[in-house]
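Enquirer: give me coordinates for this.
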Amino acid sequence: MQQSIYDHPLPKLPLIASVGAALAGLGWLGLHKQPQPFAPVKQPRGLSETIALPSGLPAPVERFYWQLYGERVPLIRSAVLSGRATLRLGGLTWPARFRFIHAAGVGYRHYIEVNVLGMPLMQVNEHFLAGKARLDLPFGTSSGPQVDQGANLALWAEAIWFPALWVTDQRVRWEPIDASAATLVVPFGSEQEYLLARFDAETGLLSTLESLRYKEATSAHKTLWLNEARDWRLLQGHLLPATGAVTWFDAGRPWALFTVEDVAYNADVSASIAASGP
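Expert: The predicted structure is shown next:
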């Protein structure tokens with residue numbers, strides 16, 4: 001007599017449960033296994049050229065720079081920032097690695113590689129050159145005035161990993177607010193953008209930068225964009241925030257955590273900043 005699939009249901013359940021558990025475990029591992037870091041940038045590193053810390057800075061800003069540099073501030077013309085990240089996309093948190101290449105205050109390239117089980121799944125190349133941004137994503141390309149505005153804010157916000165720029169670039173100025181906050185005014189073409197800088201009352205170190213940024217290429221209105229400087233520590237002899245947390249205010253929690261593990265200053269980035277890939 002022919003048997004149906006219902007004749008022996010119970011023995012199949014442990015197998016189904018085991019397979020389900022295995023797949024769930026594999027999925028968990030895939031989303032928690034960190035990729036290998038990029039190799040350190042093998043170029044000359046140095047901050048030998050300095051200028052005097054400018055006078056007339058707002059009190060919390062002056063306190064901040066004295067802690068970082070003392071009375072002499074280095075001239076940083078380029079920065080290569082490498083590390084690993086977690087990105088919240090599609091309701092899941094994905095491990096990633098990144099390399100940000102900056103011509104300080106001029107332009108940048110972002111390379112981000114989303115990984116599963118330590119292997120590349122998705123690559124992002126983002127360029128901001130000559131005041132124009134282009135995001136090359138696996139599902140399309142994004143550009144336009146709103147993208148340019150957001151990229152320009154990122155250009156200046158990411159200088160938290162080389163904050164000397166904010167007092168050595170003559171186009172930038174600080175405006176006082178109170179004992180723990182000041183406004184960072186930066187150029188955007190012929191216009192200006194404003195970032196509210198908040199400093200920790202106890203340590204004097206920068207804690208957040210807040211600005212209004214277009215969220216999408218089609219956005220009609222700007223959204224409050226928060227950049228947190230977390231876990232200040234010495235990295236290769238420089239006092240820097242180990243992690244930057246990026247949050248859209250309407251989301252309520254960070255969508256990205258970027259942890260810098262290697263920095264290279266004043267390297268030649270003339271070719272790499274316009275390239276693609278790591």
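Enquirer: which SS state does R63 fall under?
Expert: helix (DSSP: H, G, I helix; E, B strand; the rest coil).
Enquirer: ok, it to K222 distance?
Expert: Distance from R63 to K222, counting by Cβ to Cβ, to the nearest Å: 30 Å. No exception for glycine: its C-beta is placed from N, CA and C like everyone else's.
Enquirer: same thing with V114?
Expert: 27 Å.
Enquirer: neighbour count for these two, which is higher?
Expert: With neighbours defined as other Cβ atoms under 10 Å, V114 and K222 compare such that V114 has more, 20 against 15.
Enquirer: show the subsequent helix or strand relative to whichever strand or helix holds T247.
Expert: Assessed by DSSP states H and E, T247 sits inside strand 238-248. Sequence order places strand 256-265 as the next helix or strand after strand 238-248, per DSSP H and E.
Enquirer: which neighbouring elements make contact with that following strand?
Expert: Counting contacts by 3 or more Cβ pairs under 8 Å, 6 or more residues apart in numbering; DSSP states H and E, strand 256-265 is packed against strand 78-89, strand 222-235, strand 238-248.
Enquirer: residue ranges of the helices in the stretch 101-250 of the chain, please?
Expert: Assigned by DSSP state H, counting those that start in this stretch, the helices in the stretch 101-250 of the chain fall at 145-157, 165-168.
Enquirer: including distance to A133, mean neighbour count and mean pLDDT, could those helices go into JSON lines?
Expert: Listed next are these as JSON lines, based on distance: least, Cβ to Cβ, whole Å; neighbours: other Cβ atoms under 10 Å; pLDDT from 0 to 100:
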{"stretch": "helix 145-157", "distance to A133": "4", "mean neighbour count": "21", "mean pLDDT": "97"}
{"stretch": "helix 165-168", "distance to A133": "19", "mean neighbour count": "22", "mean pLDDT": "98"}
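Enquirer: among those, which is nearest V186?
Expert: helix 145-157 (4.3 Å; Cβ to Cβ).
Enquirer: quick one: the closest one to strand 222-235, angle?
Expert: 30 degrees (axes from the mean of the first three to the mean of the last three Cα atoms, to 10 degrees).
Enquirer: and the helices of the stretch 101-250 of the chain: which comes nearest W94?
Expert: helix 145-157 (19.8 Å).
Enquirer: is the residue nearest to M122 when sequence neighbours are not counted in a bridge, and if so with what?
Expert: Distances taken as Cβ to Cβ, 6 or more residues apart in numbering put V114 closest to M122, at 4.2 Å, once the chain neighbours are dropped. Here V114 sits in beta bridges with A96, M122, as judged by DSSP bridges.
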